[in-house]
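> Give me a 3D structure for the following:
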Amino acid sequence: MPTFLFSIISCLVSLTICIGCQWIPPVNVEANTFADRVIVDILDGAVFYSEKGIDDGLWLEIERINEPGIVGGYISQNNNHRGALIILLNGASTYEPGGAEGRARVFHQYFGPFFRNAGYLTWFPVVRECGTAYGQGDLADLIEAIDWMERSGKVLLEVNHIYIFGYSTGWTLATLANRRRRVDAVVSISGITQPDQFKTMWSLYSFISQLFPHNTGVCQLRSTLEYYGPPESPTWEYLDSVNHLDEFLAPMLFIHGTDDYIFGIDNTLALEHRYREQIAQGEALPQMEFMYFPFGHSIPVSNPEVIELIIEFFDRFNPMADK
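All right, here's what the predicted structure looks like:
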């Protein structure tokens, strides 16, 4: 789709969202509707809580090493796993009344079972949203989670292999994390690999973000625009993974809907073009695969065919997959 046409459609979609303000909870910053937790264990600095309504998992909190605070999230309890854990990163909690924790809980309950039934442990960490730009505090939290797994989590959870799945803004985190930490494999769906879209529609996004200052997802969008600056600012380069393919560490699968008007397909097409170009020039890069489906932004997450492809991709890099 031509860039100008994509921009026009994106503007219309964004304006539609603004007109239908009831779709977006005006206040869900720091929403905590699931705070009724009871400590069940403390091991190696990790605190495990039971939570009412969660029968197949626990709330796990670890202390940050690089700065004060904790990183928490839903860890599954399926004991029949094959020594492999997937860190699952859901998208922005823009439409979730329960905020970031509510979004992670929904994904744990309705998306996680697909992977648990395939023999994987799942962990849905709740990373920072409002008040931090994309690729900043949220990425720091993800790195804390990965580092904890390497430090003591693998032994504690009886895990040998770590994978990352990211959807939407979680795609951004998964992709950026693959430039910082090595895991076994990464899958990203419906996200961005370059900041062109933010720069093209900077003014419109800035206007929209001021309408919902206490909504977590919209608040993070505003934090992103403020942190990286106006469209001409060189700081946006940090989010451009297309120009940093040489930093990628693990094999990746990218899946994008051809009708995605939230994060346009141009992101994935640009990355694929650069990847194939560099491979043809003899560059040594991790294996990368690209798949496209006639979907919008969110449909691939619940599509059985797509989920099967994700599991098959992870299985290829899991020595225990056939045992």
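
> Where do the strands of the protein begin and end?
37-43, 46-51, 54-63, 70-76, 84-89, 121-126, 161-167, 185-189, 252-257, 288-293 (DSSP state E).

> in its sheet, what does the last one sit against?
Read that as strand 288-293. Strand 288-293 has these partner strands in its sheet, going by DSSP bridges: strand 252-257 (parallel).

> what's the partner strand in contact with?
175, 178, 185-190, 193, 265, 267-268, 271-272, 286-297, 299-300, 306, 309-310, 313 (CB atoms under 8 Å, 6 or more residues apart in numbering). No exception for glycine: its C-beta is placed from N, CA and C like everyone else's.

> Kindly provide the distance from the nearest residue to residue 101 once chain neighbours are set aside to residue 94.
For residue 101, ignoring the flanking residues on the chain, the nearest one in space by CB to CB, 6 or more residues apart in numbering is residue 126 at 5.4 Å. Distance, residue 126 to residue 94, by CB to CB, to the nearest Å: 15 Å.

> Would you agree the residue nearest to residue 101 is in contact with residue 105?
No. Assessed by CB atoms under 8 Å, residue 126 is found out of contact with residue 105, at 9.2 Å.

> mind listing the helices for this protein?
If DSSP state H is used as the criterion, the helices of the chain fall at 3-19, 99-110, 112-116, 137-148, 154-157, 169-177, 196-200, 202-209, 216-228, 266-280, 299-302, 304-316.

> Extract the C-alpha trace of stretch 46-59 and format it as PDB.
Presented in PDB, the C-alpha positions along stretch 46-59 are these (Å, rounded to 0.1, in the frame of the first residue of the first chain):
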ATOM      1  CA  ALA A  46      11.500 -14.500  43.700                       C
ATOM      2  CA  VAL A  47       8.100 -14.200  45.300                       C
ATOM      3  CA  PHE A  48       5.200 -16.400  44.200                       C
ATOM      4  CA  TYR A  49       1.600 -15.400  44.900                       C
ATOM      5  CA  SER A  50      -1.700 -17.200  44.400                       C
ATOM      6  CA  GLU A  51      -4.500 -15.100  42.900                       C
ATOM      7  CA  LYS A  52      -8.200 -15.600  43.000                       C
ATOM      8  CA  GLY A  53      -9.500 -16.700  39.700                       C
ATOM      9  CA  ILE A  54      -6.200 -18.000  38.400                       C
ATOM     10  CA  ASP A  55      -6.100 -21.800  38.900                       C
ATOM     11  CA  ASP A  56      -3.300 -22.700  36.400                       C
ATOM     12  CA  GLY A  57      -0.700 -20.100  37.400                       C
ATOM     13  CA  LEU A  58       0.800 -17.800  40.000                       C
ATOM     14  CA  TRP A  59       1.800 -14.200  40.100                       C
END
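
> Next, the buried residues of it.
Neighbour-count burial for stretch 46-59, counted by 16 or more other CB atoms under 10 Å, picks out 46-49, 51, 54, 57-59.

> Please convert those to CSV, extending it with distance to residue 207.
As requested, these are exported to CSV (distance: CB to CB, whole Å):
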residue, distance to residue 207
46, 43
47, 42
48, 43
49, 40
51, 38
54, 39
57, 40
58, 42
59, 37
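
> so which two of those residues are the farthest from each other?
In terms of CB to CB, the buried residues of stretch 46-59 reach their longest pairwise distance at 46 and 54, which sit 17.0 Å apart.

> can you tell me which residue is nearest the centre of the protein?
The structure's the chain has its C-alpha centroid closest to residue 170; by CA atoms, centre = their mean the separation is 1.3 Å.

> can you pull the contacts of the residue nearest to residue 303 when sequence neighbours are not counted?
The spatial neighbour of residue 303 that comes closest, neighbours along the chain excluded (CB to CB, 6+ apart), is residue 295 at 6.9 Å. Applying CB under 8 Å, 6+ apart, we find residue 295 in contact with 257-260, 303.

> For residue 295, give its distance to residue 308.
Remark: distance between residue 295 and residue 308 (CB to CB) = 15 Å.

> residues near residue 250, how many?
By the measure other CB atoms under 10 Å, the count of residues near residue 250 is 21.

> hmm, I was thinking of residue 62
Neighbours around residue 62, by other CB under 10 Å: 23.

> which of the contacts of strand 252-257 count as buried?
Judged by neighbour count, with 16+ other CB under 10 Å as the criterion, the buried members of the contacts of strand 252-257 are 175, 178, 185-190, 193, 265, 267-268, 271-272, 288, 290, 293, 295, 297, 300, 306, 309-310, 313.

> mind listing what's buried in stretch 97-104?
Counting neighbours by 16+ other CB under 10 Å, one finds that the buried residues in stretch 97-104 are 98-104.

> what separates stretch 102-116 from the chain centre, distance-wise?
For stretch 102-116, the separation from the chain centroid amounts to 13 Å (computed by CA atoms, centre = their mean, to the nearest Å).

> What's the end-to-end length of it?
Counting by CA to CA, to the nearest Å, the length from the leading to the trailing residue of stretch 102-116 is 20 Å.

> which sections of the stretch 201-323 of the chain are below the confidence cut-off?
Scanning the stretch 201-323 of the chain with the threshold set as pLDDT under 70 gives 299-300, 321-323.
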